[in-house]
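S.K.: Predicted model, plus sequence, below.
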Amino acid sequence: MSSNHANLSIFVPHIGCPHKCSFCNQNTITGQTFIPHAKDVVETCEKALSDGVDVANTEIAFFGGSFTAIPINYMVELLETARRYVRRGFRGIRVSTRPDAINHSILSTLYRHGVSTIELGAQSMFDDVLTLNERGHTAQDVVNASRMISDYGFNLGLQMMLGLYGSTIEKDYETALKIADLEPNEVRIYPTVVLKDTKLGELYLEGKYRTYELSEAVELSARLLDLFESRGITVIKLGLHSSTDVEESMLGGIYHPAFRELCEGVRARNAMEKYVGEAKSCTFTVRPDYLSKALGHKKSNIEYFRTKGIEVTIKPDSSQAENILIKE
């Protein structure tokens, strides 16, 4: 997938979900309660065309609920409308759904209507975690659906969550390994945010649930970035998008408006630590486009080494071909 890929997002709220998971307050996450129909798809796509959006690199994306669990006539209405715009140059159609809302009949319908990418909310690959969080499907459902999607030739995206009720850092890392083994084209990693009006929120307020500290989630996510990228799998999202709705409704959990930046900074810091050794000062050169990651969020990596009594200098070098930090 090219780096300039974009999604034209159309939110289809909770109407498709047969379950309400422990963590889910979909209206808060998406900021949407409006249910779109064909005319709304037309309006959204026409506006994108008039705004000069690079449609050749843009998928029309139906997010927000379990798309393949909505009534079939409604699903086809949206897909048929979107497909008209694929014929006018949009890259394709993307849908997000549940692993247990995938079968051959559904996949055949999606294929006929021009869907290019299917994202599955796996969340965890441990059945006890899935049960505790009232997901309503098993890890094997994720495996089966993923294989069918890939066999049909769709691009496969998998979503996982960190710090769910009953999970651990070790289980989350093992979930990532199992997801990587399914060979998706891309993944999304969502640290768990505890929202009002959810089962998880009740458990949190009762003191029965606590998730990771932000620093633990950042360290884990840095490892997951390394894992997925080493397998050639793109991490297209890391952390919930910055949102007033989320910030006003959250009770706790793992949230930072620059979460990915924090994780990328820790990755760079970990790479630098391999070089530093016993040195009291150290200079690194990095690719210019890697400089902000090497410095860390608000230059946190410089301060990190300073607290260890090490003065680190980081310089951009436009002749450098790789991201890897190189000690002068």
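M.R.: Arrived safely, thanks for sending.

S.K.: quick one: contacts for the residue nearest to the spatial centre of the chain?
M.R.: Taking C-alpha atoms, centre = their mean, the centroid of the chain lies closest to R188, which sits 2.1 Å from it. By C-beta atoms under 8 Å, 6 or more residues apart in numbering, the contact set of R188 is E119, G157, L158, Q159, M160, V235, I236, K237, L238. Bear in mind the C-beta positions are built from the backbone N, C-alpha and C, glycine included.

S.K.: The second one against L120, yeah?
M.R.: Yes. Checked against C-beta atoms under 8 Å, the pair G157 and L120 is within contact range at 7.1 Å.

S.K.: joint contacts of these two?
M.R.: By the contact definition C-beta under 8 Å, 6+ apart, G157 and L120 are jointly contacted by S96.

S.K.: Would you agree A321 falls within a helix?
M.R.: No. Read with DSSP: H, G, I helix; E, B strand; the rest coil, A321 is coil and lies in no helix.

S.K.: Quick check: it vs P288, distance?
M.R.: 12 Å (C-beta to C-beta, to the nearest Å).

S.K.: out of those two, which sits in the busier spot?
M.R.: Between A321 and P288, counted using other C-beta atoms under 10 Å, the more crowded position is P288 (11 against 7).

S.K.: Tell me if I'm right that the more buried one and S318 touch.
M.R.: Yes. When contacts are counted by C-beta under 8 Å, P288 is listed as touching S318 (5.6 Å).

S.K.: thinking again about what came up before, who wins for most neighbours among the contacts of R188?
M.R.: In the contacts of R188, the most neighbours by other C-beta under 10 Å go to L158, 31 neighbours.

S.K.: The strand or helix carrying that residue: partners in the sheet, and parallel or antiparallel?
M.R.: Assessed by DSSP states H and E, L158 sits inside strand 155-162. Under the criterion DSSP bridges, strand 155-162 sits next to strand 115-123 (parallel), strand 186-191 (parallel) in its sheet.

S.K.: For the shortest one, the averaged confidence score.
M.R.: In this model, strand 186-191 has a mean pLDDT of 97.

S.K.: CA atoms only: put it into PDB for me.
M.R.: Listed next in PDB are the C-alpha coordinates belonging to strand 186-191 (Å, rounded to 0.1, in the frame of the first residue of the first chain):
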ATOM      1  CA  GLU A 186      -2.000  -4.000   7.600                       C
ATOM      2  CA  VAL A 187      -2.900  -3.700  11.200                       C
ATOM      3  CA  ARG A 188      -4.300  -1.100  13.600                       C
ATOM      4  CA  ILE A 189      -3.300  -1.100  17.300                       C
ATOM      5  CA  TYR A 190      -5.700   0.500  19.700                       C
ATOM      6  CA  PRO A 191      -4.700   0.800  23.400                       C
END
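
S.K.: Who are the packing partners of whatever helix or strand comes next after that strand?
M.R.: Scanning forward in sequence from strand 186-191 by DSSP H and E, the next helix or strand is strand 193-195. The contact analysis (3 or more C-beta pairs under 8 Å, 6 or more residues apart in numbering; DSSP states H and E) places strand 193-195 against helix 199-205, helix 244-249, strand 250-253.

S.K.: That'll do, ta.
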